[in-house]
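K.L.:
got a predicted model here, sequence first, then my questions.
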Amino acid sequence: MKNIPLLILVFSFWMISCGKKDRWDVKLPEEKVELKFTDISKDFFDLNKPLLEIQTKYPFFFDNTTEGVVWEKMRRDTLELTVFDSVNKVFAKPNYQEELKSLFAHYKYYFPNEIIPQIYVYSSGLQNIYEPILYGRKEGMMFIALDGFLGSKSALYGRERVYPYMAKNMTPNHVAAGTVQAIGREIIPFNPRQQSFVDLMVNEGKSLILADALIPKTPDYLKIGYTEDELNWAIANEGNIWNYFVEQNMLFETDRALKERFLNPGPFSKFLNEIEADSPGRIGAFVGWQICREYLDRNSDLTLEQFIQTDTQTIFKESKYKPKAKDGDYTPTKQASKDEVKQYED
């Protein structure tokens with residue numbers, strides 16, 4: 001009988017641990033979410049179909065200020081056709097469609113009042129590869145430029161001199177994660193009064209929590225756009241990174257340079273010391289993600305929709321986030337440049 005309190009304690013800890021692990025493991029309704037995919041480029045590059053017919057079918061896709069002769073020239077352009085051909089080869093088996101069906105089934109589960117969008121895919125001729133997914137929440141439309149996901153080794157990206165740190169996330173496996181980011185840009189509230197560094201980190205964390213919920217079976221490294229090694233580095237150095245931010249008095253700063261150094265995509269995060277070369281970019285987003293996870297662990301009854309609407313300062317303060325630091329000196333050894341990203345890419 002003396003062991004009963006201990007057993008209860010162990011069982012309680014097990015229940016809490018399972019709750020944390022399985023928070024996003026939900027049973028979806030049996031009724032399937034209907035997701036429609038339309039390939040605009042398949043029609044556009046079919047010269048047997050008159051341009052006027054295509055413009056009438058997709059009026060939202062054409063710029064009215066551009067003359068028809070320009071569109072006709074584009075339909076025959078060598079580069080445009082090469083890119084379109086590459087898209088067809090890479091996506092001969094459109095596995096991403098099943099991923100998106102699961103994603104939007106989860107989306108409808110957590111946000112029942114949201115409209116499930118019509119999905120339009122197309123080849124942009126490499127024009128939209130850096131922001132390949134656009135979501136019109138009110139219009140119920142989503143546009144995906146599939147040439148933004150041709151694979152990190154695509155010769156077309158080499159031709160365009162796409163930086164490796166960008167190209168690594170331009171693969172078919174990243175379509176779902178990119179879709180979550182596009183959704184996040186629409187549904188995560190923007191508060192102009194909460195724009196300190198920690199606010200920006202938590203906002204990035206919200207987007208990644210959205211990924212936890214909508215694509216729960218996707219590995220964490222794909223959600224944030226890291227390699228497995230980069231994610232392991234972030235996990236191993238989490239406490240030291242946080243100490244660095246605190247000791248450098250960055251948390252409540254509104255200096256835009258901090259966004260460039262720690263939140264924007266880059267070859268690595270800019271700690272201004274020898275450690276930065278080992279770090280992945282966007283390390284502030286990783287930290288924001290962990291803050292949000294800590295907050296949700298302490299507020300298990302909160303719905304995803306309620307969490308998304310919670311202001312960033314509340315999340316930060318109530319998360320009580322304080323990871324343990326390991327041995328290591330992260331003190332800056334050089335001054336910040338006015339153009340950090342350009343400095344490292346040239």
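P.N.:
Ah, there it is.

K.L.:
show the low-confidence segments of the stretch 101-250 of the chain, by residue range.
P.N.:
Within the stretch 101-250 of the chain, not a single segment meets pLDDT under 70.

K.L.:
ranges for the helices of it?
P.N.:
With helices called from DSSP state H, counting those that start in this stretch, the stretch 101-250 of the chain shows them at 155-159, 164-167, 175-187, 197-214, 220-224, 228-236, 238-247.

K.L.:
will you turn these into a markdown table that also has distance to residue 104?
P.N.:
Backbone N, C-alpha and C define where each C-beta goes, glycine included. Putting the helices of the stretch 101-250 of the chain into a markdown table (distance: least, C-beta to C-beta, whole Å) gives the following:
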| stretch | distance to residue 104 |
| --- | --- |
| helix 155-159 | 28 |
| helix 164-167 | 26 |
| helix 175-187 | 9 |
| helix 197-214 | 8 |
| helix 220-224 | 17 |
| helix 228-236 | 26 |
| helix 238-247 | 32 |
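
K.L.:
deepest in the core, which of these is it.
P.N.:
Comparing the helices of the stretch 101-250 of the chain by mean neighbour count (mean count of other C-beta atoms under 10 Å), helix 197-214 comes out on top with a mean of 24.

K.L.:
isn't residue 323 right next to residue 236, touching?
P.N.:
No: Residue 323 is not in contact with residue 236 according to C-beta atoms under 8 Å; the separation is 11.0 Å.

K.L.:
residue 285 is nearest to which of the helices of the stretch 101-250 of the chain?
P.N.:
helix 197-214 (3.8 Å; C-beta to C-beta).

K.L.:
just list what the closest one packs against, helices and strands only.
P.N.:
On a contact count with 3 or more C-beta pairs under 8 Å, 6 or more residues apart in numbering; DSSP states H and E, helix 197-214 meets helix 95-110, helix 175-187, helix 220-224, helix 256-262, helix 283-298, helix 304-309, helix 312-319.

K.L.:
start and end of stretch 215-235, how far apart?
P.N.:
With C-alpha to C-alpha, to the nearest Å as the measure, stretch 215-235 spans 21 Å from end to end.

K.L.:
what does that stretch rub up against?
P.N.:
24-25, 99, 102-103, 106, 168-169, 173-174, 176-177, 180, 208, 211-212, 241, 265, 278-280, 282-283, 285-286, 289 (C-beta atoms under 8 Å, 6 or more residues apart in numbering).

K.L.:
could you flag which of those are buried?
P.N.:
24, 99, 102-103, 106, 168-169, 174, 176-177, 180, 208, 211-212, 241, 279-280, 282-283, 285-286, 289 (16 or more other C-beta atoms under 10 Å).

K.L.:
how is this structure divided into domains?
P.N.:
Following automatic domain parsing, one finds the domains of the chain at 37-187, 197-345.

K.L.:
from the chain's centre, how far out does the first one sit?
P.N.:
It refers to domain 37-187. Remark: domain 37-187 is offset 16 Å from the chain centroid, using C-alpha atoms, centre = their mean, to the nearest Å.

K.L.:
how many other residues sit next to the residue lying closest to residue 95 once chain neighbours are set aside?
P.N.:
Distance criterion C-beta to C-beta, 6 or more residues apart in numbering; nearest residue to residue 95, sequence neighbours excluded, is residue 172 at 7.0 Å. Residue 172 is flanked by 17 other residues according to other C-beta atoms under 10 Å.

K.L.:
ok, now residue 309?
P.N.:
For residue 309, using other C-beta under 10 Å, the count is 13.

K.L.:
report the contact partners of it.
P.N.:
residue 189.

K.L.:
quick one: it from residue 170, how far?
P.N.:
32 Å (C-beta to C-beta, to the nearest Å).

K.L.:
do the same with residue 265
P.N.:
For residue 265, the distance to residue 170 (C-beta to C-beta) stands at 11 Å.

K.L.:
roughly how far does residue 243 sit from residue 165?
P.N.:
25 Å.

K.L.:
now do residue 110
P.N.:
In terms of C-beta to C-beta, residue 110 sits 31 Å off from residue 165.

K.L.:
now residue 193
P.N.:
For residue 193, the distance to residue 165 equals 32 Å [C-beta to C-beta].

K.L.:
next one: residue 115
P.N.:
Distance of residue 115 to residue 165, computed by C-beta to C-beta: 34 Å.
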